[in-house]
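[1] Fold the following, please.
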Amino acid sequence: MNQCTEEEISNSWKFIYTYTASGKIASITEQNYNGTAWETFTVKSFEYNAQGNLIRRFYNDYSTGSVVQTRRDTIEYQGTTSNILRGIIYESTDGLTFDPMQETIFNWTGSTLNSVDYYTDDDSDPVTPMTYLFQGQYQYSGSTLTSFDVQLISGGVPVGVFGQFIYTYNAQGKLETETITGFEESVTTNTYDADGYVTEIERQVDEGAGFYLQEMDNFYYQNTAGIQKMELEASIYPVPAENILHVKTSGVINEMIVFSMDGKKLFSQRGSDQTIDVSGLSKGNYVIHVFTNEGKATVKFVK
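    The predicted structure follows:
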């Protein structure tokens, strides 16, 4: 394990990060200042396989005065690839008996993801099997994802589409619209300039009274050289990112926004925090826009 330790202090909370020799997060310790000393609140630890893929994650709770492991996550992969086959979340109240609470099974044909099965536990009995609730089905045109259907499960088989994501692309192959129907009604539209950079992201939603504009983000570029210059104003680590991405800039951070490489806004974070949680992203390439009091930086990163 790398002996480098980073402390991030905010008000009465402190987060201590340690890393493996390859730069992956080994542990995150959360501490609270009680007025006279720092007390450990929680510790998350991480384990990886030979390919560098996360295979286990542990949550230890120190808040009661003794260490109690409250959660374990396990992840299985397809051979030596980074294709996830199965993920299970186990929870415990005493640190001894662990109940599987959620399970996700990924179904592949070669390197193509076909479907995802979602299971959940309806009670706190570790003996009772989990309930098969949903299946997400991927549809492609060639290698291009065109839709993602979420189907309800009854008696172990899909019985109907509960929600659907539909994707369209422009002539350059960049994502143009994402339309969500079923559990949510929304349309997100991306607009690009002649160089392929996203200039506007517009999101409209329908909550029962018709579609209305909920959010619009605009992006302005001087020229390609200017964009490259802005990218040099921020640095990120670790590379590749795992769960927490650290961002260093010369100014005070106001907001960070993460996009897919096709210009789709994935999520944002406001505030001066120099870290952002990217654990929910799948492996791939992304872009983060960092807005500071000195301007904007755009940096690509790998998950």
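
[2] Gln78: what's it in contact with?
    With contacts defined as C-beta atoms under 8 Å, 6 or more residues apart in numbering, the neighbours of Gln78 are Ile84, Leu85, Trp108. Where you see a C-beta, it was placed from the backbone N, CA and C, and this is true even at glycine.

[3] Check the burial of the last one by counting its neighbours.
    Same thing as Trp108. Using other C-beta atoms under 10 Å, Trp108 has 14 neighbouring residues.

[4] Could you list the buried residues of stretch 139-154?
    Phe148, Asp149, Val150, Gln151, Ile153 (16 or more other C-beta atoms under 10 Å).

[5] Take the contacts of Gln78 and keep only those in strands.
    Per DSSP state E, strands hold the following members of the contacts of Gln78: Ile84, Leu85, Trp108.

[6] Switch the contacts of Gln78 over to CSV; also include pLDDT and distance to Asn285.
    Below are these laid out as CSV (pLDDT from 0 to 100; distance: C-beta to C-beta, whole Å):
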residue, pLDDT, distance to Asn285
Ile84, 93, 18
Leu85, 96, 22
Trp108, 93, 20
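
[7] Which of the ones in strands among the contacts of Gln78 sits closest to Val252?
    Ile84 (36.9 Å; C-beta to C-beta).

[8] hang on, the closest one packs against Thr74?
    No: Ile84 is beyond contact range of Thr74, at 11.0 Å (criterion: C-beta atoms under 8 Å).

[9] ok, those two, which is more surrounded?
    Between Ile84 and Thr74, Ile84 has the larger neighbour count (other C-beta under 10 Å), namely 20 against 16.

[10] who does that one bridge with?
    Counting by DSSP bridges, Ile84 forms beta bridges with Tyr77.

[11] Partner strands of whichever strand or helix holds Met256, with direction?
    Met256 is part of strand 253-260, with elements assigned from DSSP states H and E. Note on strand 253-260: by DSSP bridges, its sheet partners are strand 265-270 (antiparallel), strand 285-292 (antiparallel).

[12] gap between that strand and the chain center?
    Averaging C-alpha positions (C-alpha atoms, centre = their mean, to the nearest Å) puts strand 253-260 13 Å from its chain's average.

[13] Phe259: which of the strands paired with strand 253-260 is closest?
    strand 285-292 (4.6 Å).

[14] Looking at the ones in strands among the contacts of Gln78, spot the one nearest Glu47.
    Ile84 (15.2 Å).

[15] for the closest one, what are its contacts?
    For Ile84, counting by C-beta under 8 Å, 6+ apart, the contacting residues are Ile75, Glu76, Tyr77, Gln78, Phe106.

[16] Give the PyMOL command for selecting the buried subset of the residues you listed.
    Restricted to buried positions by 16+ other C-beta under 10 Å, the PyMOL selection for the contacts of Ile84 reads:
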select buried, resi 75+77+106
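
[17] for the contacts of Ile84, which one is nearest Glu47?
    Glu47 lies nearest to Ile75 out of the contacts of Ile84, by C-beta to C-beta, at 9.8 Å.

[18] Would you mind writing the CA trace of the helix or strand the closest one falls within as PDB?
    In this structure, Ile75 sits in strand 68-77 according to DSSP H and E. Output of strand 68-77 as PDB, limited to C-alpha atoms (Å, rounded to 0.1, in the frame of the first residue of the first chain):
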ATOM      1  CA  VAL A  68     -19.100  -2.900  13.600                       C
ATOM      2  CA  GLN A  69     -19.000  -3.900   9.900                       C
ATOM      3  CA  THR A  70     -22.400  -2.800   8.600                       C
ATOM      4  CA  ARG A  71     -22.000  -3.500   4.900                       C
ATOM      5  CA  ARG A  72     -20.100  -5.600   2.400                       C
ATOM      6  CA  ASP A  73     -20.100  -5.300  -1.400                       C
ATOM      7  CA  THR A  74     -18.800  -8.000  -3.700                       C
ATOM      8  CA  ILE A  75     -18.300  -7.700  -7.500                       C
ATOM      9  CA  GLU A  76     -17.500 -10.500  -9.900                       C
ATOM     10  CA  TYR A  77     -16.100 -10.100 -13.400                       C
END
